[in-house]
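> What follows is a predicted structure for the sequence shown.
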Amino acid sequence: MKQIFSALLICMMLQGAAISHKTWERGETFSEYIASHNIPASLLDSVSPEDQKFLAEIRSKYKYYELTDRDGKLLQALIPISSEMQIHLFKTSDGYGFDIIPIVYKEREYPATVRIESNLHTDICNTLKLPVVADKMGQLLKGVVDARRFKKGNRVSFLYDQKTRLGQPFVMPHIKIALVESGKKKQFIYADEDGYGYKSDKASQAYTVTGKKKVVYTRRVTQRGRGSRFGMPLRHARITSSFSYRRWHPILHRYRPHHGTDFGARRGTPLLAVNDGRVSYAGWMRGYGKVVKIRHAGGYESLYAHQSRIRVKRGQHVKKGQVIGYVGSTGRSTGPHLHFGLMKNGRWIDPMKVLRRKSAGGKTILKKFTKYEKVKTTKYKTVVIKDAKKNREKLLEYLDSGAPSYVWDTSRLLRVYRDNRDIYEKK
């Protein structure tokens, strides 16, 4: 089947079919998209309730691909819904088909050396033709090296990983290590798994917290524990399935995103608001069953799915730790559990990087706020600097070899198609 489908695509390419790389418009819905290609709305009826919830995961500015014939008729489309999964829309003999499939991408390591002519950000953009690398370099150096003090002729060399999809950069790069050279002075900067930089490759890293003191007033405040202000959505939490951009679905028996954390619990277990907020949705939501969504400060929105009974209404203000419903198994579910999701500025994030183990708020106390003088406190945290020695050796080998930096070409779509044909094949 793959060989036949691939041969058909090659034939279509020779007959004038074309690949285009587009950006998803702000506010555009999937139904509007298929209507723009004269695809009947009945296609949505063939999409399972479990998959329909992913149609809302398409975000503005997402890059997607279309294959069209010489008359502009859509033959296929690949539309990302996360960094690992994509919607696959394809023409069939009697209409169009729909599926969600893993994204096929390549990942490799790239070396780079940038000499300062203007400023680091501009010089990286001019040298590599990939602005996102300049953005990630800013993250790496922040609080470690002041790039504003770089002088003309200084040099920054680094290694970074970049995923590509059909020859185009896909998702943000990861800078692994950098070497800053200013005259005879050299400084290695090591990156942790999140892309933040450190001058040392030791596991325990010191960082300085600067505060101010000046007596102003006292007021009643809630004393909370250290860490995030978000609590857990239920007591005695037991995680049964973690956040994943690409998980094997136990019911559908295919890969699907799992944009949340599943907690095992008995039916009727109280569900708790993880933070203060206002209920933005309370009701039935396709595969999620009975759902409550709460909007919180800072661009966060939490979701509590598969409930047996809901205790709040839309528009209601809730407090952290307040009971908003009860564990159930409504919707598409294998048994009683809570599927908890958390969004930040409209994008799903791993909840367990934000939640704290304690759900309840603290006690109210009188606290004095002061500001007189600067106070610096040294604290320590444990970070993972993976393959620090190996990356340092590889960077030095690259510098000794004199190999040039890779310059990105974003106009090679048709040329790279031959090497990435399988991404257009029906899985």
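It's in.
> Any regions of the stretch 201-350 of the chain where pLDDT drops low?
Low-confidence segments of the stretch 201-350 of the chain (pLDDT under 70): 203-228, 246-254.
> Mind checking what secondary structure R148 has?
At R148 the chain is in helix, as set by DSSP: H, G, I helix; E, B strand; the rest coil.
> Pull the number of nearby residues for it.
Residues lying near R148 (other Cβ atoms under 10 Å) number 7. C-betas here are computed from N, CA, C, even on glycine.
> for the residue nearest to G183 when sequence neighbours are not counted, what are its contacts?
Spatially, and ignoring its direct neighbours in sequence, G183 is nearest to N154 (8.0 Å; Cβ to Cβ, 6 or more residues apart in numbering). For N154, the contact set (Cβ atoms under 8 Å, 6 or more residues apart in numbering) comprises 115-116, 180-183.
> Got the domain ranges for this protein?
2-103, 106-202+383-401, 209-224+363-382, 239-353 (automatic domain parsing).
> Can you verify my assumption that G197 contacts V180?
No: look at G197 against V180 with Cβ atoms under 8 Å: they stay out of range, at 10.1 Å.
> residues shared between the contacts of these two?
Contacts common to G197 and V180, judged by Cβ under 8 Å, 6+ apart, are 141, 145, 189.
> hmm, back to that, from A147, how far off is the residue nearest to G183?
10 Å (Cβ to Cβ, to the nearest Å).
> what's the answer for M137, then?
Taking Cβ to Cβ, one finds M137 at 8 Å from A147.
> Please enumerate the shared neighbours of the two.
120-121.
> Looking at the two, which one has more neighbours?
Looking at M137 and A147 with other Cβ under 10 Å, you find the greater number of neighbours at M137, namely 25 against 17.
> Surely that one touches L120?
Yes: taking contacts as Cβ under 8 Å, M137 lies within contact range of L120: 6.7 Å.
> any common contacting residues for those two?
By Cβ under 8 Å, 6+ apart, the residues touching both M137 and L120 are V156.
> quick one: contacts for P80?
58, 62-64, 86-87, 103 are the contacts of P80 under Cβ under 8 Å, 6+ apart.
> Would you reformat the domains of the chain as TSV and include distance to F230?
Formatted as TSV, the domains of the chain follow (distance: least, Cβ to Cβ, whole Å):
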stretch	distance to F230
domain 2-103	22
domain 106-202+383-401	18
domain 209-224+363-382	11
domain 239-353	5
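> ok, and the closest non-adjacent residue to S405?
S405's closest residue in space is A112 (Cβ to Cβ, 6+ apart), at 4.2 Å.
> Just checking: what are the partner strands of the helix or strand where the one you found lies?
Applying DSSP states H and E as the criterion places A112 in strand 106-115. Strand 106-115 has the following sheet partners, assigned by DSSP bridges: strand 155-165 (antiparallel).
> for the partner strand, what is the average pLDDT?
Mean pLDDT, computed over strand 155-165, is 94.
> I385: how many residues sit nearby?
20.
> so it makes contact with K199?
No: look at I385 against K199 with Cβ under 8 Å: they stay out of range, at 10.9 Å.
> measure F188 to K199 for me?
8 Å.
> who's more crowded, these two?
F188 (18 against 13).
> Need the residues touching each of I385 and K199.
Common contacts of I385 and K199 (Cβ under 8 Å, 6+ apart): Y190.
> who touches M85 in this structure?
So M85 contacts 54, 100-103, 245-246, 255-257 (Cβ under 8 Å, 6+ apart).
> What about the residues you listed, which are in helices?
Under the assignment DSSP state H, those contribute nothing to helices.
> Distance from stretch 36-56 to the middle of the chain?
The chain centre lies 24 Å from the centre of stretch 36-56; the measure is Cα atoms, centre = their mean, to the nearest Å.
> quick one: contacts for the closest residue in space to Y62 that isn't next to it in sequence?
Distance criterion Cβ to Cβ, 6+ apart; nearest residue to Y62, sequence neighbours excluded, is W24 at 4.4 Å. For W24, the contact set (Cβ under 8 Å, 6+ apart) comprises 58-64, 79.
> Out of those residues, grab the one that's most surrounded.
Among the contacts of W24, I79 has the most neighbours (other Cβ under 10 Å), with 21 neighbours.
> any idea how far T164 is from L75?
23 Å.
> And those two? Which one has more around it.
L75 (19 against 16).
> Grab the nearest non-local neighbour of the more buried one.
In space, L75 is closest to L67, 4.6 Å off (Cβ to Cβ, 6+ apart).
> how about that neighbour, secondary structure?
Secondary structure, three-state DSSP: L67 is strand.
> any idea of the pLDDT on it?
Reported pLDDT for L67: 91.
> Could you measure from it over to V47?
20 Å.
> Tell me which of the two has more neighbours.
Neighbour totals were compared for L67 and V47, and L67 leads with 20 against 17 (other Cβ under 10 Å).
> separation between the more buried one and V145?
Counting by Cβ to Cβ - L67 and V145 are separated by 45 Å.
> got it, and G289?
From G289 to V145 the distance is 50 Å (Cβ to Cβ).
> buried sites along stretch 154-174?
154, 156-160, 162-174 (16 or more other Cβ atoms under 10 Å).
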